[in-house]
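>>> Generate coordinates for the sequence data below:
(2 chains)
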Amino acid sequence: DAGVIQSPRHEVTEMGQEVTLRCKPISGHNSLFWYRQTMMRGLELLIYFNNNVPIDDSGMPEDRFSAKMPNASFSTLKIQPSEPRDSAVYFCASSSWTVQETQYFGPGTRLLVL
Amino acid sequence: SQELEQSPQSLIVQEGKNLTINCTSSKTLYGLYWYKQKYGEGLIFLMMLQKGGEEKSHEKITAKLDEKKQQSSLHITASQPSHAGIYLCGADLQGAQKLVFGQGTRLTINP
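Modelled structure (predicted):
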């Protein structure tokens, strides 16, 4: 079975541009999580969804960040406008309530905002 | 997260030696997860512990949960180069699905 799929794997953009990160969770999983990892702050939860509904977005840094999950197999994290301090690795993870809720992570998107 | 402290932050051991990594929470643990990360890659799930006193093993890696101390330890026996990487503990501190993570322990294995 394929794991969590993220795209792109690397993104380099200029300050002010819009960035869209994509995630396909493991088939059958009904929870999806977006994390951000930096050297300074470590791994932080940004937002998570249950059955495509956002449950907790308290980790979203500011209004420039938005996330959607239009269906069970796709989610996006958008940054508009992007800033250099948004440079980080963004991970998507998914889990199933039927499997002890263990979260399985994708390979991440490495974002560099110049 | 300051709610979850890992120690040590980095560890260099000789191949074949045993080692232990600790993860201590400032709050009640509802679930404790251990992951391994290699540079440029995602997190690989190792083990999950939920009950006090619980102990799980996978190959040469053993994890224990001390509920009273709000602490978990990860022990590697007879370390190998393949064990090198960053080990992260994640914890459910609210009884929900939100995980907070420690800062990680960078493990280097010298041949």
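
>>> Give the partner strands of the helix or strand residue B:47 falls within in its sheet and their orientations.
Secondary structure from DSSP states H and E places residue B:47 in strand B:43-49. Within its sheet, strand B:43-49 is paired with strand B:31-37 (antiparallel), according to DSSP bridges.

>>> State the mean pLDDT of the strand it pairs with.
When pLDDT is averaged along strand B:31-37, the result is 94.

>>> Just the buried residues of it, please?
In terms of neighbour count (16 or more other CB atoms under 10 Å in any protein chain shown), strand B:31-37 has its buried residues at B:31-37. Placement of C-beta: from N, CA and C, glycine included.

>>> which bits of chain A sit near chain B?
A:4, A:31, A:33, A:42-45, A:48, A:50, A:55-56, A:91, A:93, A:95, A:100-108, A:110 (CB under 8 Å from any CB of the partner chain).

>>> now chain B, which segments are flagged as low pLDDT?
Residue ranges of chain B with pLDDT under 70: B:1.

>>> Not counting sequence-adjacent ones, nearest residue to the residue nearest to the spatial centre of chain A?
Closest residue to the average C-alpha location of chain A: residue A:34 at 3.2 Å, with CA atoms, centre = their mean. Nearest residue to residue A:34, sequence neighbours excluded (CB to CB, 6 or more residues apart in numbering or on different chains): residue A:46, at 4.5 Å.

>>> on that earlier part again, closest one of the buried residues of strand B:31-37 to residue A:20?
Closest to residue A:20 out of those is residue B:37 (24.4 Å), distances taken as CB to CB.

>>> So the closest one sits against residue B:88, correct?
Yes: between residue B:37 and residue B:88 a contact is recorded at 6.2 Å, counting by CB atoms under 8 Å.
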